[in-house]
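*Asks:* this is a predicted model, with the sequence first.
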Amino acid sequence: MSLTDDDDLSETPSSEDNKAATHSDTGRAGLILAGGRSERFPTIDKALAPLDGAPLLRCVADALSPAVDELIINCRQDQQAAFAKAVDDDPRFAIDPVADRGPLAGLRTALSATEATYAAILPCDMPFVPAGFIEYLFGQAQNKTGAVPCVGGQQRSLPAVVHVRAAAAACETAHNHRDGGLAAFISALDPIVVSERTVTAHVDAKAFTDIDTHEELAAIREVSHRAEQ
Ligand SMILES: Nc1nc2c(ncn2[C@@H]2O[C@H](COP(=O)(O)OP(=O)(O)OP(=O)(O)O)[C@@H](O)[C@H]2O)c(=O)[nH]1
Ligand SMILES: [Mg+2]
């Protein structure tokens, strides 16, 4: 099935799609992309860097968990044991068959590990997205190929909620692009873009902060420390 610009996934399906539609819907998945090398965050894997005593990966998992039925962490084989210890729940793992192929390859791996109809996608370094906003994106994505927010005047690739089959097809399209990355994926998926006005009505723009360096993490710790005083 190919999905085009105006696809409304609630439209009457063909008989083949009908079979797929009646195929078990295991609900909502939460996919965390964590297979990067954290090169801008020397000496440790940033997914394991502590924020308020908890590894970033656990902060993201805790934020996603209330909004999803299953949690899947995408990473390399050599990260799995440490990540399993770092999170409270018992997540599933989607291990990259070939490491270091970039976030889009990680996303393909994660998508292929779920039977869910829709999935929320977060990177391991974005610890402040509230579960309530993920719920909101699930609602917006309903019968569409997905939903992403507009933040700081720009459409974001992540966080995203995507229709899993549509997303798998968009990954293939993006993969065939010369600089196929997450932006090419979102462009191929053509999701609903939640306007900045709506986003700010739901959540503080700081919720979309991602952490790439020790300095960025230190600055966030400083702000949360001051807020506690
Ligand atoms: N599976 C997989 N995920 C990746 C890969 N590269 C990056 N990611 C994930 O994509 C998300 C965003 O990437 P970055 O913020 O650049 O993280 P990173 O690549 O680990 O960090 P840098 O090495 O500093 O660029 C993070 O959650 C990463 O874990 C990869 O090669 N494979
Ligand atoms: Mg990177």
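*Replies:* Nice, I can see it. Ligands and ions are numbered 1, 2, ... in the order given.

*Asks:* what's the distance between the longest helix seen in the chain and the middle of its chain?
*Replies:* For the chain, the helix that runs over the most residues, judged by DSSP state H, is helix 214-228. Counting by C-alpha atoms, centre = their mean, to the nearest Å, helix 214-228 is centred 24 Å from the centre of its parent chain.

*Asks:* also stretch 91-104?
*Replies:* The chain centroid and the centroid of stretch 91-104 are separated by 13 Å, computed with C-alpha atoms, centre = their mean.

*Asks:* buried sites along that stretch?
*Replies:* Of the residues in stretch 91-104, those buried under the neighbour-count criterion (16 or more other C-beta atoms under 10 Å) are P91, F93, A94, I95, D96, P103, L104. Using the backbone N, CA and C atoms, a C-beta is placed for each residue, glycine as well.

*Asks:* so what secondary structure elements neighbour the longest helix of the chain?
*Replies:* In terms of contacts (3 or more C-beta pairs under 8 Å, 6 or more residues apart in numbering; DSSP states H and E), helix 214-228 is packed against strand 50-51.

*Asks:* pairing partners for the strand it packs on, with directions?
*Replies:* strand 54-55 (antiparallel) (DSSP bridges).

*Asks:* and the strand it pairs with, what's its mean pLDDT?
*Replies:* Strand 54-55 comes out with an average pLDDT of 96.

*Asks:* what angle do the helix or strand that that strand is followed by and helix 214-228 make?
*Replies:* Helices and strands here follow DSSP states H and E; after strand 54-55, the next one along the chain is helix 56-64. Angle, helix 56-64 to helix 214-228, by axes from the mean of the first three to the mean of the last three C-alpha atoms, to 10 degrees: 50 degrees.

*Asks:* say whether ligand 1 is contacted by helix 56-64.
*Replies:* No - counting by C-beta under 6 Å from any ligand atom, ligand 1 has no neighbours in helix 56-64; the shortest distance is 8.8 Å.

*Asks:* what's the offset of that helix from the middle of its chain?
*Replies:* Centre-to-centre, helix 56-64 and its host chain are 11 Å apart (C-alpha atoms, centre = their mean).

*Asks:* against which helices or strands is the next helix or strand along the chain from that helix packed?
*Replies:* For helix 56-64, the following helix or strand on the C-terminal side (DSSP H and E) is strand 70-75. Using 3+ C-beta pairs under 8 Å, 6+ apart as the contact criterion, the neighbours of strand 70-75 among helices and strands are strand 28-33, helix 56-64, strand 92-95, helix 103-111.
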